[in-house]
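# what would the 3D arrangement of this be:
(4 chains)
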Amino acid sequence: MNKVLSLSEAVERYIPDSVGFVTVGGMHLHNNPMALVREIIRQNRKIKRLLTSPCGALNAELLIAAGIIDEIATSYVGFEHIGLAPCFRRSIESGKLKVLECDEAYITHGLYAGAGGLPFMALPKGIEFTDIPNVNKEHYSFTTDPFTGNRVAVGAPLKPDVALLHAYQADENGNAVMAGAQFVDRYMALASKTVLLQVETIVPTEEISKHPQGTTIPGFLVHAVVEAPGGCYPTAAHGAYEFDDEHISKYMDMAKDDEGAKDYINEFVTGMTEGDYLKKAAGRLAELRYGDGILAADLSQRKG
Amino acid sequence: MNKVLSLSEAVERYIPDSVGFVTVGGMHLHNNPMALVREIIRQNRKIKRLLTSPCGALNAELLIAAGIIDEIATSYVGFEHIGLAPCFRRSIESGKLKVLECDEAYITHGLYAGAGGLPFMALPKGIEFTDIPNVNKEHYSFTTDPFTGNRVAVGAPLKPDVALLHAYQADENGNAVMAGAQFVDRYMALASKTVLLQVETIVPTEEISKHPQGTTIPGFLVHAVVEAPGGCYPTAAHGAYEFDDEHISKYMDMAKDDEGAKDYINEFVTGMTEGDYLKKAAGRLAELRYGDGILAADLSQRKG
Amino acid sequence: MTVISNNLTASWSRSELMAVELAKRLRNDDVAVMGTASAIPQMACRLAQLTHAPDLYSIAGGTCSVNPHLAPVVPSCGDYDLLRADTSLSLNDVVLLEGRADVLTVFFAGGLQIDAYGNCNLVSVGDWAHPTLRGPGTVGLPFLSRVGRILIYTQSHNPRTFVEKVDFVGGPGFLRGPEEWKAADLPGGGPQLVVTPLCTMGFDPQTLRMRLETVHPGVDVDKVRAATGFDLIIPDSVPTTPEPTTEHLSILRALDTNGLLKGK
Amino acid sequence: MTVISNNLTASWSRSELMAVELAKRLRNDDVAVMGTASAIPQMACRLAQLTHAPDLYSIAGGTCSVNPHLAPVVPSCGDYDLLRADTSLSLNDVVLLEGRADVLTVFFAGGLQIDAYGNCNLVSVGDWAHPTLRGPGTVGLPFLSRVGRILIYTQSHNPRTFVEKVDFVGGPGFLRGPEEWKAADLPGGGPQLVVTPLCTMGFDPQTLRMRLETVHPGVDVDKVRAATGFDLIIPDSVPTTPEPTTEHLSILRALDTNGLLKGK
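Residues are numbered from 1 along each chain as shown, chains lettered A, B, ... in the order given. Okay, the predicted model is just below:
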């Protein structure tokens, strides 16, 4: 079944004006599905709750900058070695954004539970000695281990309504291949009701079938495939191009206050189409593209 | 660190005379680590409890035929389309073998819990409507889901002392690559204290590093690497050769009663070295070997 | 697809007929999973894909390959050959999706025993602790409680297989009937079809007990009744199962060059 | 390794010294994991592998590559370049092994706040609900409770970072001291080392409070005391941290062609 849609169609069709629970793929400044994120901002969708991977970055920050998220469940939002994410920081400090404090293991196991219909996940010993379960009682609780009688910490299953994900390539059915690291994106796809996929290139099924074990996400989990070459920019797309630290730094400069963040959104997101944005970025993208050799996308280097 | 040992050294060093909890890799008649299994029989090790993958086959049956297992935790032992496993069947019917009745989802999730230090796994709704939790109270129990108040079925973590596994290739450090399907072998490695690996070929680390994402098991989980070309015979080794239905049928014929099973063990296991066994099988192995083309081991077709 | 002689039609096997009947129940938007020793459902899925359900996904429960090309079909669900496929999952992925319950819509089940309510047993006949027949084990049958539609198939239609009540519930059907079934409130839709070498059967919507639907060509209702160990619901009029068409057979035989379904 | 001029030795950076000090604490049989923004521990691991610990395994917590070759070292733990490595795991695998607690022996930690007992905080300064400074979040720091040895490193040695008690416990050190630590009976071994641009610190075995071990060349004890926001245990005699050797520096600089540690 052909699931290829334009970027605007995919968001129009699968993201309601107000959507409950969205998860966004990618980790740190890698494989953030920025084309989908920007289009959601352009179409001014409201998101009740966003879940990041264990390390969110611009994928979450830009939605916060646009003011369209009420709550965020995360264990990290930032720009790693480059610095803190200004709007994430400011909107929590000012009380505008509710944060559901999580840790990496819970996000990973919680998605596993969501994918597998498990009622909850019993967590390894240790989390109860942190403050996290104290401040996030919606996701963390305690029960009895019937095998030992011990009281143990448990985490709630994570079952997003929508997952926004990037993959290196897919066929029109949504059979998708990730190059490089998969982070928790595959589990997001397994756990979510609706999966929107942006890819660098759409390829024929025969191309995917050459290495059936390289497929990361089977088509039956995917609802829309959007061809968005360069669509992770200014974050990296593994196998295609590196992140643009200059553009991230520029963003951080502009977003030092709410006014500046708005200016960035106006200038780089709502103020232009995705096509125009990428035309503007084309020069930098060319510089950031991986060369040949081991760093060019080696699709034999895949993990299921 | 060089972990390469001969087959007999690996069993001598890592399997005590009486070993508590062993798990054996492979599923149905595929990737059964038969060289390790045969050597354990030759060295007459006693196994208190054996855990199979969701579908055990000759890997479990031969240990039962040799009379060296007390208990088996499994969701299936048989020869799929070829027929029932005679010694498994007979020794349960006669009460000689204790069976800890499991289902596929519990074995998979239980190994996940064992790998991850999770105190237990809450299981998806449904298992409580089968008889399995009634007959295996050691692995299945019930507790309260604190998020809903519901009573839910849970499974105990599976943490084997020793895993016996096959891989297509490994380096001397134990960094291993599986060709074809991985079944639950990777989780067995992640969950077990000691991992013994038999491989078709040992390759230099540089060979493994060409496709770092193709590695299935990292060396730090592996204790011994045994080069055992043909070592899955008469089961299949994905990427190398098919199973030998003729030999399996011959086994089933011989093992119709305890006497015959003993004769098989004497003739094909304790009665000869592994080298002699494989010399005897060389002709069949050559016939069963995958040809070139898509069925030859394509190491780009790997799943992590 | 070229038209082939009527001789072909005349010479279909029971297994081929079963594959065709299963194929007919598959929809274009299904995601179907099969397990151990699944040559018949493998063929049913491929046949459906090549006829009325081109978008059907089929998952071979061993290798977890998705839409194996089956050229030719192989007897083992774990075969390396099955990785000639559109894509593949890991076993862990498939186990997860079986728990999620809203993605996988069809599971092909079977059993040493199948009872009047479609409960399946692959574990043991007689008392579990002292079985008269020990089966191989239940594998993934508990998933029956969570899958959209259960399609049951078996090569054995006799009173030992079709019993009033299974000795061990490994794969839940409609449990002990409407009251229990309603109370259980399971995510799955329950068993929909049973195909045997003699007939096809469904389930009566009121009593949730097995009901004869069609008898295969050359089989009469009394033969089915005698071969069934419980009180099968038999409607006044029982049509004959349509024979496989030449198109069906030519597709099946092009896939089954190993002859797994031939003459069986 | 060619011998290089003494000028090189003279010009080592604080970050290079920190990498060397961390490297010295790594053993040949360690499996070490690092997280976010981990150029210093990445270099420490590679340096150890190329000197006294050739069999050390190091895992880059983002890509989860095992023994990344780091030619050159990169600032992001999720970088595609890190997949130039011996092997790799999936993130889920690493999270699992972090739970298992007997496989991964070293974790490199840090924090916005680090307290006298080695507890770490990356979440918030002030009241969590109304923070004066919101940090990025705790990522995998709860793993500190389960890992064999915690090696803490930070580029900020000042009283805001080194506090008596963290405002939010995200990474458990020795909790509130010996009594709590003993009662908790955690699988992990607790914090072993803290490296800063000023000094190295360990933990007093009786009180489990941080104790000065060495001061870096050019730093005196009073400077460390003034830069630390709690009552640091200071032994009578505090040796000076050895300078990096020319061998260390030439290895580090061959890896760090991007100059991530240079002059910092």
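# longest helix in chain A, please.
Counting residues, the longest helix in chain A under DSSP state H turns out to be helix A:274-288.
# buried residues in it, which are they?
A:274, A:277-278, A:281, A:284-285, A:288 (16 or more other Cβ atoms under 10 Å in any protein chain shown). C-beta here means a position set from N, CA and C on the backbone, and glycine is covered the same way.
# before we move on, what about stretch A:137-154?
A:139-141, A:143, A:145-147, A:152-154.
# quick check, distance from it to the centre of its chain.
29 Å (Cα atoms, centre = their mean, to the nearest Å).
# what do you get for stretch C:90-104?
Distance, centroid of stretch C:90-104 to centroid of chain: 19 Å (Cα atoms, centre = their mean).
# same question, stretch A:162-180
13 Å.
# would you reformat the buried residues of helix A:274-288 as TSV and include distance to chain D and pLDDT?
Below are these laid out as TSV (distance: Cβ to the nearest Cβ, whole Å; pLDDT from 0 to 100):
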residue	distance to chain D	pLDDT
A:Glu274	23	96
A:Tyr277	23	94
A:Leu278	20	93
A:Ala281	19	94
A:Arg284	17	95
A:Leu285	15	95
A:Leu288	11	94
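# looking at those residues, spot the one nearest C:Pro191.
A:Glu274 (48.7 Å; Cβ to Cβ).
# quick check: the closest one touching A:Met34?
No - A:Glu274 is not in contact with A:Met34 according to Cβ atoms under 8 Å; the separation is 9.3 Å.
# between these two, what contacts are shared?
A:Gly231 (Cβ atoms under 8 Å, 6 or more residues apart in numbering or on different chains).
# get me the contact residues on the stretch 1-150 of chain A for chain D.
Residues of the stretch 1-150 of chain A lying close to chain D (Cβ under 8 Å from any Cβ of the partner chain) are A:27-30, A:54-55, A:74-78, A:80-81, A:84-85, A:88-90, A:92-93, A:95, A:101-105, A:108-109, A:112, A:123-127, A:129-132, A:135.
# which of the residues you listed are buried? Put it as a ChimeraX command.
Command for ChimeraX that selects the buried part of those, burial taken from 16+ other Cβ under 10 Å:
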select /A:27,28,29,30,54,55,74,75,76,77,78,80,81,84,85,88,89,90,92,93,101,102,103,104,105,108,109,112,123,124,125,126,127,129,130,131,132,135
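# the residue nearest to A:Gly231 when sequence neighbours are not counted: what's it in contact with?
Spatial nearest neighbour of A:Gly231, chain neighbours left out: A:Ala35 (3.3 Å); criterion: Cβ to Cβ, 6 or more residues apart in numbering or on different chains. Neighbour list for A:Ala35: A:7, A:198, A:226, A:228, A:231-232, A:274 [criterion: Cβ under 8 Å, 6+ apart].
# what separates the helix or strand containing A:Ala35 from the chain centre, distance-wise?
For A:Ala35, the host element (DSSP states H and E) is helix A:34-42. Put simply, helix A:34-42 sits 12 Å off its chain's centre (Cα atoms, centre = their mean).
# run the chain-centre distance for the following helix or strand past it.
Next in sequence after helix A:34-42, counting helices and strands by DSSP H and E, comes strand A:46-52. Averaging C-alpha positions (Cα atoms, centre = their mean) puts strand A:46-52 11 Å from its chain's average.
# list the buried ones in strand A:46-52?
Result for strand A:46-52 [16+ other Cβ under 10 Å]: buried residues A:47, A:49-52.
# let me know the closest of the residues you listed to C:His157.
A:Leu51 (50.4 Å).
# ok, and the closest non-adjacent residue to that closest one?
In space, A:Leu51 is closest to A:Thr23, 4.1 Å off (Cβ to Cβ, 6+ apart).
# from A:Ile92, how far out is the one you found?
Distance of A:Thr23 to A:Ile92, given as Cβ to Cβ, to the nearest Å: 19 Å.
# so after the helix or strand bottoming out on mean pLDDT in chain A, what's the next helix or strand?
One helix or strand of chain A scores below all others by mean pLDDT, DSSP states H and E: helix A:205-209, with a mean of 88. For helix A:205-209, the succeeding helix or strand toward the C-terminus, using DSSP H and E, is strand A:224-227.
# ok, residues contacting that next one?
A:3-7, A:9-10, A:13-14, A:35-36, A:170-174, A:176, A:195-202.
# need the strands for the chain, in chain order.
I'll assume chain A. For chain A, the strands defined by DSSP state E occupy A:18-24, A:46-52, A:69-74, A:98-101, A:121-122, A:140-144, A:151-155, A:162-170, A:176-177, A:194-202, A:224-227.
# wait, chain C
Going by DSSP E, chain C shows strands at C:31-34, C:57-60, C:65-68, C:85-88, C:106-109, C:113-115, C:120-121, C:124-127, C:130-134, C:149-153, C:162-163, C:191-195, C:199-203, C:210-215.
# fine, thanks again, bye for now.
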